[in-house]
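>>> Got a sequence here, can you build the structure:
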Amino acid sequence: MGILADIKGKLAGALGGTTAPQGGNAIVNSIFQMLTDPNTGGLQGLVKNFHDKGLGTVVSSWVGTGSNLPITPDQVTQALGANRLQQIAQGAGTHPGAVAPQLAALLPTIIDKLTPTGTVPESSALAQGLAMLRKSMGAAPTAPTAPTK
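Here you go, the predicted model:
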């Protein structure tokens, strides 16, 4: 339950509140989708995207076994792009300005917990881990997507 407690705590604190902000569970589901989406490369693609946007040191700290470096909402927007944040906000039923701070609070913890050995897991192991996490959080399951080639 450690990762679940960490994620819930980060989500609650993302905007300084004591309860999950509006759209919180949908934002967590969006993170899970990003981490398993074969069209964007899943977790490996997300890590690569952060590297490509000049945030390699930050994301490497999350994957590595040491301390996690923080990320700002502006850096999240830089890495993911305003369009993706807008899509997440629409899906979560919240304002786009609320998404980046929540992602900045959640991504370091989630990626860190999914990479305990300092390496990105294979997609099948990651999908299984996220499915168990979704179930424990009561998050809506998502249908597995088949890789496209």
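>>> Q86 contacts H95, doesn't it?
No - counting by CB atoms under 8 Å, Q86 sits too far from H95 to count as a contact (10.2 Å). Placement of C-beta: from N, CA and C, glycine included.
>>> among the helices and strands of the chain, which has the poorest mean pLDDT?
When the helices and strands of the chain are compared on mean pLDDT, DSSP states H and E, helix 2-13 comes out lowest with a mean of 55.
>>> That one: what's the following helix or strand?
Helices and strands here follow DSSP states H and E; after helix 2-13, the next one along the chain is helix 24-36.
>>> Let's see that following helix as PDB, backbone CA atoms only.
Provided in PDB are the C-alpha atoms of helix 24-36 (Å, rounded to 0.1, in the frame of the first residue of the first chain):
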ATOM      1  CA  GLY A  24      -7.900  13.900  -9.300                       C
ATOM      2  CA  ASN A  25      -8.800  10.300 -10.000                       C
ATOM      3  CA  ALA A  26      -9.200  11.100 -13.700                       C
ATOM      4  CA  ILE A  27      -5.700  12.700 -13.700                       C
ATOM      5  CA  VAL A  28      -4.300   9.600 -12.100                       C
ATOM      6  CA  ASN A  29      -6.000   7.500 -14.700                       C
ATOM      7  CA  SER A  30      -4.500   9.800 -17.400                       C
ATOM      8  CA  ILE A  31      -1.000   9.200 -15.900                       C
ATOM      9  CA  PHE A  32      -1.600   5.400 -16.000                       C
ATOM     10  CA  GLN A  33      -2.700   5.700 -19.700                       C
ATOM     11  CA  MET A  34       0.400   7.700 -20.600                       C
ATOM     12  CA  LEU A  35       2.600   5.100 -18.900                       C
ATOM     13  CA  THR A  36       1.000   2.200 -20.800                       C
END
